[in-house]
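>>> return a 3D structure for these sequence lines:
(one chain, ligands or ions: 1)
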Amino acid sequence: MYNIAIDGPAGAGKSTLSRMLADRLGFVYADTGALYRAVGLFAVQSGVSPQDAAAVEQLLPSIRLELALSPEGQCVLLCGKDVSAAIRAPEISKAASQVSAIPAVRAFLLGLQQKMAQKRDIVMDGRDIGTVVLPHAQLKIFLTATPEDRARRRHAELREKGTKIAYEQVLDEVKERDAQDSGRAIAPLRPAEDALIVDTTGYELEDSLERLYQIAKERL
Ligand code: C5P
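Here you go, the predicted model:
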């Protein structure tokens, strides 16, 4: 099976590009951030603070989590219920980032992610896929862009959805999430030693996709 690991900070175009790359290669795509989001959602729905490590850990045995993967996309089932839309709420982004710093949560999700990659050609995106989840992936990409570029894209996306927010606030949030994801003790965001660093600053989506596709084609 061919495994492609794509890691990087929020807003570098990771999920869009990973999905498009998987599509073009005929691979399935797995967005592991969705799993952390589902755990964050479960904590919030259970009235537990996503920062309370002991309480979140106690919830884990009651969580039944499935990523239904198909070429059409990914569907997140939490205890049998489709939560694909609910996990995208802004407060759940924060909850996901908080629960992702809890070692028991990472251990809980590790096996699930590894199992997904065993049976199929896959493009998996996240923060620690090349370093922890799939250290033997045939291709590892670390996708990055300057905080300003990432904030600019996120700002445009939000405005398109009708959310009025100042660019400076988006930039602050991008920097805050970067610090949280890179500064945590467990599985901090960093490129694997054998990862190719791809900087998408100033590139259009289609150009970045072409670069990734060419890199993948050379290795297949
Ligand atoms: O990628 P996305 O923004 O959906 O991920 C939500 C949060 O989950 C991130 O802020 C990050 O803290 C966490 N995450 C992680 N490891 C992964 C994927 C996501 O810690 N492999």
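
>>> who does the helix or strand of the chain with the lowest mean pLDDT pair up with?
In the chain, the helix or strand scored least confidently by mean pLDDT, DSSP states H and E is strand 65-70, which has a mean of 84. Strands that pair with strand 65-70, judged by DSSP bridges, come out as strand 73-78 (antiparallel).

>>> buried residues, the strand it pairs with. List them.
74, 76, 78 (16 or more other C-beta atoms under 10 Å). (Glycine included, C-beta is placed from N, CA and C.)

>>> the first one and residue 19, how far apart?
Relative to residue 19, residue 74 is positioned 8 Å away (criterion: C-beta to C-beta, to the nearest Å).

>>> contact residues of the chain facing the ligand?
By the rule C-beta under 6 Å from any ligand atom, the part of the chain lying against the ligand is 10, 32-33, 36-37, 96-97, 100, 126-129, 177, 181.

>>> from these, which is closest to residue 202?
Nearest to residue 202 among the residues of the chain next to the ligand is residue 10, at 18.3 Å by C-beta to C-beta.

>>> send the alpha carbons of the helix or strand harbouring residue 96 over as PDB?
Using DSSP states H and E, residue 96 falls within helix 90-99. The C-alpha trace of helix 90-99 is given here as PDB (Å, rounded to 0.1, in the frame of the first residue of the first chain):
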ATOM      1  CA  PRO A  90     -15.200  27.600  15.300                       C
ATOM      2  CA  GLU A  91     -15.500  26.600  19.000                       C
ATOM      3  CA  ILE A  92     -14.800  23.000  18.000                       C
ATOM      4  CA  SER A  93     -11.500  24.100  16.300                       C
ATOM      5  CA  LYS A  94     -10.400  25.400  19.700                       C
ATOM      6  CA  ALA A  95     -11.700  22.300  21.600                       C
ATOM      7  CA  ALA A  96      -9.900  20.000  19.000                       C
ATOM      8  CA  SER A  97      -6.600  21.800  19.500                       C
ATOM      9  CA  GLN A  98      -7.000  21.500  23.300                       C
ATOM     10  CA  VAL A  99      -7.900  17.800  23.400                       C
END
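
>>> just checking, what packs against it?
Helix 90-99 sits against helix 33-45, helix 167-183, with contacts defined as 3 or more C-beta pairs under 8 Å, 6 or more residues apart in numbering; DSSP states H and E.

>>> just these: most buried one?
Highest mean neighbour count among the helices and strands packed on helix 90-99 (mean count of other C-beta atoms under 10 Å): helix 33-45, with a mean of 23.

>>> quick one: work out the angle between that one and helix 90-99.
100 degrees (axes from the mean of the first three to the mean of the last three C-alpha atoms, to 10 degrees).
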